[in-house]
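1. How does the following fold in three dimensions:
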Amino acid sequence: MPATTKGIDCAAPLTADKAKAIAAAGYKFAVRYLVPERLAWKRLTRAEAEVITAAGMRVVSVFETTANRPAGGAVAGLEDGAEAYKEAQLIGQPIGSAIYFAVDFDATAKDYPAIEAYLRAAATKIPGYEMGVYAEYDVIEEMAKRGAAKHFWQTYAWSAGKKSARANIYQYKNGQTLAGHSVDLNESYGGEGWWDTRPQVVEKPVGKPAANPPEIPEWKRQDHDELLAAGLLTSDHTASLDDPVPQWMLFALLNRLRKGDTAPPAPQRRQRRSQRDKRCSSCRG
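-> Predicted coordinates:
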């Protein structure tokens, strides 16, 4: 059995004192509304998210304007997804966390296609965030089967006493008062998609310490020194005997071996520079 975590959801924003009192009562997360400014009475702000974090709780974001909004299908989903994304960015909700979209009515099978279209359309407007859905048992089961969401928050309402094994969060009692605040009670089992306002720690890959260069075998050194002494090398190539040899050096060596020439070739570039310098000297006369 996964560990159970206690949490609350509420419409009215939490003050610092209430958040501390709720956390002190053993609650570890608060579900709050990620909605536009026109719904300011229940809107989650950055300041409130910081209050919740400071109290020691995590935040779960839910988007809901009206209870049966998902019945509007893809058109409604595109609008709501765009608004949810704007709010999430505004309050600094970390990428990778979840945004739940509420199906807050007693949906039936005839509503499922519109709900699925709503969720899929909303998902296209929240890049980087994960799709969650709040709903009763049958909708949770159906949307999970259709792959329309990744996180599931089930309400006991309209669920006929059934509880989905897919639920990450379960709302089991509504209309309670806690620390003088009206709340619903929840429990969660992992995969909630919650977040907080603490700075995100990005683990940088730890680079391997530079290894000591491998020791050059004695036979390589000996061959190199003998060829150098015999004049068969065109330069002192001792920086690393494992480095690739330039193609021009191989051609020069092969050509000298073909001719039986063991003397190092004259540095042509230096000769040209010397001749040019002589010409310039005669010009300066």
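
2. Pull out the buried residues from the longest strand along the chain.
-> Among all segments of the chain classified by DSSP state E, the strand with the greatest residue count is strand 169-178. Within strand 169-178, the residues that qualify as buried are I169, Y170, Q171, L178, counting by 16 or more other C-beta atoms under 10 Å. From N, CA and C alone the C-beta is placed, and that goes for glycine too.

3. what about that strand, average pLDDT?
-> When pLDDT is averaged along strand 169-178, the result is 98.

4. and it, which strands flank it?
-> Strand 169-178 has these partner strands in its sheet, going by DSSP bridges: strand 151-155 (parallel), strand 181-188 (antiparallel).

5. looking at those, which is closest to L44?
-> Using C-beta to C-beta as the criterion, the shortest distance between L44 and those is 14.7 Å, found for strand 181-188.

6. center of this protein, which residue is that?
-> Relative to the mean C-alpha position of the chain, the nearest C-alpha, by C-alpha atoms, centre = their mean, is the one of G96, at 5.7 Å.

7. so where's this structure uncertain?
-> Within the chain, the set of residues satisfying pLDDT under 70 comprises 1, 202-220, 223-224, 231-251, 261-285.

8. mind redoing it with 90?
-> Applying pLDDT under 90 to the chain flags the ranges 1-3, 200-285.

9. In TSV, list the buried residues of strand 169-178 along with distance to S188.
-> Written out in TSV, the entries for the buried residues of strand 169-178 read as follows (distance: C-beta to C-beta, whole Å):
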residue	distance to S188
I169	4
Y170	7
Q171	10
L178	17
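
10. Out of those, which is nearest to T5?
-> The shortest distance between T5 and any of the buried residues of strand 169-178, using C-beta to C-beta, involves I169 and amounts to 9.0 Å.

11. Would you check that that closest one makes contact with K28?
-> No. Taking C-beta atoms under 8 Å as the definition, I169 is not a contact partner of K28, at 11.6 Å.

12. just to revisit the earlier point, now the longest strand of the chain: how far from the chain's centre is it?
-> Between the centre of strand 169-178 and the centre of its host chain there is 32 Å, according to C-alpha atoms, centre = their mean, to the nearest Å.

13. what comes into contact with that strand?
-> Judged by C-beta atoms under 8 Å, 6 or more residues apart in numbering, the contacts made with strand 169-178 from elsewhere in the structure are 7-9, 21-22, 25, 27, 31, 60, 134, 152-157, 163, 182-189, 192.

14. Can you give me the neighbour number for N68?
-> Here the number of neighbours of N68 (other C-beta atoms under 10 Å) works out to 15.

15. show me what contacts it?
-> With contacts taken as C-beta under 8 Å, 6+ apart, N68 has the following neighbours: D104, F105.

16. phi, psi of it?
-> Dihedral angles phi and psi of N68 (degrees, to the nearest 10) take the values phi -100, psi 20.

17. Renumber starting at 38 from here on
-> OK, 38 is where the count begins now, so the last one is N105.

18. what sits up against stretch 91-98?
-> Among residues not part of stretch 91-98, those counted as contacts by C-beta under 8 Å, 6+ apart are 44, 46, 53, 56-57, 59-60, 64-71, 81, 86, 89-90, 121, 125, 130, 134-137, 190, 206, 229-234.

19. Thank you kindly, that will do.
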